[in-house]
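> okay, predicted coordinates and the sequence, questions at the end:
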Protein chains: 2
Amino acid sequence: MKATAIAHPNIALIKYWGKLNRKLNLPANSSLALTIQPLHTITTVEFSNNFSDYIIETEFKDSYAISRIISHLELIKKVALDKGLKVPKYAKVKSYNNFPMGTGLASSASGYAALTEAATSALGLNLTPKEKSIIASYGSGSASRSIFGGYVIRRRGESHSEQLVDENYFIINDFIVIVDRERKKIGSSKGMVLSRNSPLYKARLDASEKNFLKMRRAIIEKDFDTMGSLAEEDCFLMHAIMITTKPPLLYWSPSTLKIIKEVIKWREEGLRVYFTIDAGPNVHILCLPKDSNKVEKKLKELEEVKEIIKAYPGSGSRLLEEHLF
Amino acid sequence: MKATAIAHPNIALIKYWGKLNRKLNLPANSSLALTIQPLHTITTVEFSNNFSDYIIETEFKDSYAISRIISHLELIKKVALDKGLKVPKYAKVKSYNNFPMGTGLASSASGYAALTEAATSALGLNLTPKEKSIIASYGSGSASRSIFGGYVIRRRGESHSEQLVDENYFIINDFIVIVDRERKKIGSSKGMVLSRNSPLYKARLDASEKNFLKMRRAIIEKDFDTMGSLAEEDCFLMHAIMITTKPPLLYWSPSTLKIIKEVIKWREEGLRVYFTIDAGPNVHILCLPKDSNKVEKKLKELEEVKEIIKAYPGSGSRLLEEHLF
């Protein structure tokens, strides 16, 4: 009863920030994201009656992170039990990421997508992507999207995501610029709950819902400049909520702002380049593959840039043959 | 027909951002500001039939800045003509600031307050502060407040300001931290007009109106911590509108963000210190006089800090005996 899965994080072009229902983790606004390779989480889950407790071997060692993983496994066990499957009490989980966690790079997206994929398979559940997407959403809202590859949407109030177009439909590059590897003080889940106390919260939801429809169309039409402009707009809308939350969520670092200003300057100089930022200091810089060498060169010239990961549209979560233990 | 006046800028604790009426320069939300010394503008105005054109000697040499000054003088001439006074066609204006202009330090506030004070006096108008406040508001919304000393309010839709309490009622320090002396690309007047296109605009006006009432009370009660917290909240509310305006108004520089984060850290360590930021990159750091040595020392240790001006509650605009020419 052992399975291993891989999943990729995703970068939201229209961002989900705010929950309609906290327990069910239902989003208060529709989101649209791109699943991105080569970033990934690989997770092996083994259920066995030989274990006398859960054994969780992940990068995060704190009790909250571990308790969330155990809750997720318990949820999947319940789904299996309801289907009449045999379910051992405990499991061992081993997981690794090829990128830094907890810094706004959506490690919870790839993490819970891989965990869901592996654990449901280990228990012999044969679920549709939609069913896996629903289960993943309980672990992390954005994990619901990482079950799918390419451009993925999740509508307001829905617990599952769905693929808009696959990873080969419209290829762009996302340069992930790491300026800070520190783990953020207030994580996304808690931040989203607090977001309701921003006096701008409701107005932003309405604005993002409109941007969602425009972004959906821009992607279908492969209209890169509209896509990029909308991504920036929506990024500022989310961060406007963050800075007006009590306490304010100041996810940007000085380097974040420096890079934003550089990107705007490069665009004024004629380069087709846009940015977006998730709930962390790192900046995603979007461009077309034909401009990627130019963009990379410019990025490497900035002293604030600690590391650059060149990403591109990725596949949905899937099983691997080789296990981590 | 010559007069010289001095006026101080003011730092808004509840910020005015957005116009109800563009032509009359009426604010869409109530504001509350502190007039601050020792920053000042000194302006001499002479009306004379010996001049064959306007002679404007100010720091800003661009035609837009000069045409705004001339419009303001024309307005004051009209007021004088309506009262049956003799009015020469042209005037000479000379002005200087003891601080950098156009970087969010409210140079238009002290500038138009001093210009109004000097020009009305030069023409022999004997106006009440309320009348001068109305005239100053046409030049710059915040100039309407700088006619008064101490803590000054201007209500939504009103063209005049009024003093809440004078400069001796509640003494605090405002360390103005200059991180950038560059003039901003989009000035406040234009930015305010654009602000309406932010989808968060209306929600912010409502929030600021509530904060205005709370701030008014905090000042009357000399409750420094409530005052500081509200100032930060309102600062973030205004900047949330700025970053969600099209095009986004990114008035912060990387150093701005660095200083914000430091102030929050110092407060967590027990220092009673708060910040606010106007439409520019420079940061105002508020503290009680008894903590000012500590704050100044900490600020001087930051490499981002280019210059510090220690300010305190200032007086309203007034005439001076000595002229600049």
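Perfect, thanks for sending it. Residues are numbered from 1 along each chain as shown, chains lettered A, B, ... in the order given.
> in the stretch 151-300 of chain A, which segments are predicted with low confidence?
Scanning the stretch 151-300 of chain A for pLDDT under 70 picks out A:182-184.
> those residues of it touching chain B, which are they?
Contact residues, the stretch 151-300 of chain A versus chain B (Cβ under 8 Å from any Cβ of the partner chain): A:199-200, A:202-204, A:206-207, A:210, A:232-233, A:236-237, A:239-241, A:243-244, A:246, A:248, A:250, A:252-258, A:260-261, A:264. In short, each C-beta sits where N, CA and C put it, glycine included.
> need the buried ones from those selected in ChimeraX.
Of these, the buried ones go into a single ChimeraX selection, burial set by 16 or more other Cβ atoms under 10 Å in any protein chain shown:
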select /A:199,200,203,204,207,232,233,236,237,239,240,241,243,244,248,250,252,253,254,255,256,257,258,260,264
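> which ones among the residues of the stretch 151-300 of chain A next to chain B map onto strands?
Using DSSP state E, no member of those falls in strands.
> what segments of the stretch 201-325 of chain A are helices?
A:201-220, A:224-243, A:254-268, A:292-300 (DSSP state H, counting those that start in this stretch).
> include distance to residue A:88 when you put the ones you listed into TSV, please.
Converted to TSV, the helices of the stretch 201-325 of chain A look like this (distance: least, Cβ to Cβ, whole Å):
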stretch	distance to residue A:88
helix A:201-220	42
helix A:224-243	41
helix A:254-268	45
helix A:292-300	47
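> what's the closest non-adjacent residue to residue A:237?
residue A:204 (5.1 Å; Cβ to Cβ, 6 or more residues apart in numbering or on different chains).
> hmm, that neighbour is touching residue A:235, no?
No - here residue A:204 does not reach residue A:235: they are 11.7 Å apart, not a contact under Cβ atoms under 8 Å.
> sorry, back to before: quick one, what contacts the residue nearest to residue A:237?
Taking Cβ atoms under 8 Å, 6 or more residues apart in numbering or on different chains as the criterion, residue A:204 is in contact with A:17-18, A:198, A:237-238, A:240-241, B:199-200.
> mind redoing it with 10 Å?
A:15, A:17-18, A:28-29, A:195, A:198, A:234, A:237-238, A:240-241, A:244, B:199-200, B:203, B:240, B:244 (Cβ atoms under 10 Å, 6 or more residues apart in numbering or on different chains).
> residue A:43 now?
A:3-7, A:58, A:69, A:93-97, A:110-119, A:317, A:320, A:324.
> report the buried residues of stretch A:318-325.
Buried residues in stretch A:318-325, counted by 16+ other Cβ under 10 Å: A:320, A:324.
> number of nearby residues for the residue of the stretch 1-150 of chain A found nearest chain B?
Distances between the stretch 1-150 of chain A and chain B by Cβ to the nearest Cβ are smallest at residue A:29, namely 12.4 Å. Each residue near residue A:29 was counted by other Cβ atoms under 10 Å in any protein chain shown, and the total is 26.
> wait, residue A:229 sits on residue A:274?
Yes - in this structure, residue A:229 is within contact of residue A:274 by Cβ atoms under 10 Å, at 6.8 Å.
> mind checking the SS state of the residue of the stretch 1-150 of chain A closest to chain B?
Here residue A:29 is coil, with the state taken from DSSP: H, G, I helix; E, B strand; the rest coil.
> so it sits right up against residue A:17, yeah?
Yes - using Cβ under 10 Å, residue A:29 makes contact with residue A:17 at a distance of 7.4 Å.
> how about the contacts made by residue A:247?
Contacts of residue A:247 (Cβ under 10 Å, 6+ apart): A:185-186, A:194, A:197, B:232, B:264.
> related to what we said a few turns ago, shared neighbours, residue A:204 and residue A:235?
What both residue A:204 and residue A:235 touch, as defined by Cβ under 10 Å, 6+ apart, is the set A:15, B:244.
> show me where the stretch 1-150 of chain A has its helices.
Going by DSSP H, counting those that start in this stretch, the stretch 1-150 of chain A shows helices at A:63-82, A:107-122, A:129-139, A:143-146.
> most tightly surrounded among these?
Mean neighbour count (mean count of other Cβ atoms under 10 Å in any protein chain shown) peaks for helix A:143-146 among those, with a mean of 33.
> what separates that helix from the chain centre, distance-wise?
In this view, helix A:143-146 has its centroid 7 Å away from the chain centroid, taken as Cα atoms, centre = their mean, to the nearest Å.
> could you point out which element follows that helix?
As assigned by DSSP states H and E, the chain's next helix or strand after helix A:143-146 is strand A:151-154.
> check which helices and strands that following strand sits against.
strand A:10-14, strand A:31-37, helix A:129-139, helix A:143-146, strand A:162-165, helix A:201-220 (3 or more Cβ pairs under 10 Å, 6 or more residues apart in numbering or on different chains; DSSP states H and E).
> direction included, what does that strand pair against?
strand A:31-37 (antiparallel), strand A:162-165 (antiparallel) (DSSP bridges).
> now do the contacts for the residue in the stretch 51-200 of chain A positioned nearest to chain B.
Residue nearest to chain B within the stretch 51-200 of chain A (Cβ to the nearest Cβ): residue A:199, separated by 3.5 Å. Contacts here follow Cβ under 10 Å, 6+ apart; on that basis residue A:199 touches A:241, A:244-246, B:200, B:203-208, B:210-211, B:233, B:237, B:240.
> go again using 6 Å as the cut-off
Residues in contact with residue A:199 (Cβ atoms under 6 Å, 6 or more residues apart in numbering or on different chains) are B:203, B:207.
> and the gap between it and residue B:213?
Relative to residue B:213, residue A:199 is positioned 14 Å away (Cβ to Cβ, to the nearest Å).
> then residue A:257?
On the measure of Cβ to Cβ, residue A:257 and residue B:213 end up 32 Å apart.
> do I have it right that residue A:47 meets residue A:122?
Yes - if you go by Cβ atoms under 6 Å, residue A:47 and residue A:122 touch, sitting 5.4 Å apart.
> anything in contact with each of those two?
In contact with both residue A:47 and residue A:122: residue A:1, using Cβ under 6 Å, 6+ apart.
> surely residue A:167 and residue A:149 touch.
Yes - at 4.5 Å, residue A:167 counts as touching residue A:149 under the criterion of Cβ under 6 Å.
> when those two are compared, which one has more neighbours?
Taking other Cβ under 10 Å, residue A:167 and residue A:149 do not tie; residue A:149 has more neighbours (25 against 21).
> returning to what we had before: wait, which of the helices of the stretch 1-150 of chain A is closest to residue B:269?
helix A:63-82 (25.4 Å; Cβ to Cβ).
> gap between the closest one and the chain center?
On Cα atoms, centre = their mean, the centre of helix A:63-82 falls 20 Å from that of its chain.
> helices and strands around it, which ones?
Judged by 3 or more Cβ pairs under 6 Å, 6 or more residues apart in numbering or on different chains; DSSP states H and E, the packing partners of helix A:63-82 are helix A:107-122.
> how about the helix it packs on as PDB, C-alpha atoms only?
Written as PDB, here are the backbone C-alpha positions of helix A:107-122 (Å, rounded to 0.1, in the frame of the first residue of the first chain):
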ATOM      1  CA  SER A 107       4.900  24.800  -1.900                       C
ATOM      2  CA  SER A 108       1.500  23.900  -0.300                       C
ATOM      3  CA  ALA A 109       0.000  23.600  -3.800                       C
ATOM      4  CA  SER A 110       2.400  21.100  -5.100                       C
ATOM      5  CA  GLY A 111       2.700  19.500  -1.600                       C
ATOM      6  CA  TYR A 112      -0.900  18.800  -1.100                       C
ATOM      7  CA  ALA A 113      -1.500  17.800  -4.700                       C
ATOM      8  CA  ALA A 114       1.300  15.200  -4.500                       C
ATOM      9  CA  LEU A 115       0.200  14.000  -1.100                       C
ATOM     10  CA  THR A 116      -3.400  13.600  -2.400                       C
ATOM     11  CA  GLU A 117      -2.300  11.800  -5.500                       C
ATOM     12  CA  ALA A 118       0.000   9.500  -3.600                       C
ATOM     13  CA  ALA A 119      -2.200   8.800  -0.600                       C
ATOM     14  CA  THR A 120      -5.400   8.100  -2.600                       C
ATOM     15  CA  SER A 121      -3.400   5.700  -4.900                       C
ATOM     16  CA  ALA A 122      -1.700   4.000  -1.900                       C
END
